[in-house]
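**Student:** Sequence first, then the predicted structure:
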Amino acid sequence: MESSKQRIDIDMNIPVLDFKFQHDLLKDEMLSAFTSVYESNWFILGKHLVNFETEYAVFNQVAYTVGVSNGLDALYLALKALEIGAGDEVIVPSNTYIATVLAVSYTGATPILVEPDPKTYNINPENIAKAITPQTKAIMPVHLYGQACQMDEVMAIAKEHQLYVIEDNAQAHGATFNGKITGSFGHINGVSFYPGKNLGALGDAGAITTNDFALAEKVKALRNYGSKVKYNNELIGHNMRLDEMQAAFLSVKLKHLMPFTAQRVQIADWYYKELQGVGDLVLPYIHPQATHAYHLFVVRTQYRDQLQKYLNDNGVGTLIHYPIPPHLQQAYAHLGYVKGDFPIAEELADTSLSIPMWPGMKHAEVKAVAMAIRSFFNEK
């Protein structure tokens, strides 16, 4: 029997993510940023961090940005700044990455999982309202894959029930809902700059965004051993600072974020045109009031595992975001959930596949990926 590569007559190697275009384009700027930090002889809590915090606050249309060590720490510090802890409940989507849930657990609070909208994959406001109890203190919506949540409705529910909102904005830098940018709705919000994100550092990095001066100042202390003045510790804090080198790199990449996002949108448009009506493939649905930054381009099919193998065999990289929902992870067995408790999250975990998406991806590469997908379904 001929190999699948021979059957579709394609010779390619298209990874799910490729940094080469970005890194080649930005190399001189990034090396200059490195040199600036290196020659300053100042590597923690210096001018490059202050500059990036100011720049990102302007970009994200908030009063304050506080750089921290990574996205998970950002969510945890946001919750801690709000004094959420044991006995409290925080509502999170059932289909999020585990980091969202871990941040709640770190505080001693209980994560309350609610199902997403099966079309957008983002948290369903109707399900949020049903999950509120006297112990609920906050809602943590996740702008999954890059599409903004229905934040107007989330904020209205929070206001009605006097709850905090912490946006998990790890994947949607620059996306909007009803014209307002993600990371600017909540009382205090977390963002990740993990290297693979749309705005990615060259290592772990994250930040908190807020319009609340007191919360921003509290996080600044919490990230730095609970101290605002050296050796004067007001709070029981942590070592969760964004270092100068990563801040300098992020300042460079921030200038290119929206042009890169425009490329992601163009690539997505090519995929929509190439893959419309192919097999049982479900393409991303965009809420009419939302924009999508396309951190990922996620398709769905009942034949997901077979399609993934076929694509990988034919040189097309893929990933599954995410194969096991939080309620079925061993780490959360103590919550007592069983398979079937969150059927939408489970269906998404069983059928979703991320296909190649990165700035600089060529139209010919998109067409080659689409041809391989069509070939798979033609054989089906």
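**Tutor:** Arrived safely, thanks for sending.

**Student:** domain parsing for the protein?
**Tutor:** Here the chain is described, according to automatic domain parsing, as comprising the domains 4-15+256-379, 23-114+121-254.

**Student:** In JSON lines, list those domains along with mean neighbour count and mean pLDDT.
**Tutor:** Glycine gets a C-beta too; all of them are placed from N, C-alpha and C. Compiled in JSON lines, these are given as follows (neighbours: other Cβ atoms under 10 Å; pLDDT from 0 to 100):
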{"stretch": "domain 4-15+256-379", "mean neighbour count": "17", "mean pLDDT": "95"}
{"stretch": "domain 23-114+121-254", "mean neighbour count": "20", "mean pLDDT": "98"}
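
**Student:** Could you pull out the strands in the stretch 101-250 of the chain for me?
**Tutor:** Secondary structure of the stretch 101-250 of the chain, counting by DSSP state E, counting those that start in this stretch: strands at 110-114, 136-139, 164-165, 176-177, 180-181, 189-192, 206-210, 227-229, 232-233.

**Student:** between those, which one is nearest to A268?
**Tutor:** Closest of the strands of the stretch 101-250 of the chain to A268 is strand 176-177, at 15.7 Å (criterion: Cβ to Cβ).

**Student:** now for the strands of the stretch 101-250 of the chain, which one comes closest to A63?
**Tutor:** Counting by Cβ to Cβ, A63 lies closest to strand 206-210 out of these; the figure is 7.2 Å.

**Student:** neighbouring strands for the closest one, and are they parallel or not?
**Tutor:** Using DSSP bridges, the strands paired with strand 206-210 are strand 64-68 (antiparallel), strand 189-192 (antiparallel).

**Student:** on that earlier part again, can you list the strands of the stretch 101-250 of the chain in CSV and add distance to Y38?
**Tutor:** Shown next, in CSV, are those (distance: least, Cβ to Cβ, whole Å):
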stretch, distance to Y38
strand 110-114, 42
strand 136-139, 41
strand 164-165, 40
strand 176-177, 37
strand 180-181, 33
strand 189-192, 25
strand 206-210, 23
strand 227-229, 26
strand 232-233, 30
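
**Student:** my guess is T133 meets V90, correct?
**Tutor:** No. Assessed by Cβ atoms under 8 Å, T133 is found out of contact with V90, at 11.5 Å.

**Student:** Residues that sit against both of the two, list them.
**Tutor:** Both T133 and V90 are contacted by I112, under the criterion Cβ atoms under 8 Å, 6 or more residues apart in numbering.

**Student:** Next one: the closest residue to N13 other than its chain neighbours relative to G360, how far apart?
**Tutor:** The shortest distance from N13 to any non-neighbouring residue, by Cβ to Cβ, 6 or more residues apart in numbering, is to G315 (4.6 Å). Noted for G315: a distance of 18 Å to G360, by Cβ to Cβ, to the nearest Å.
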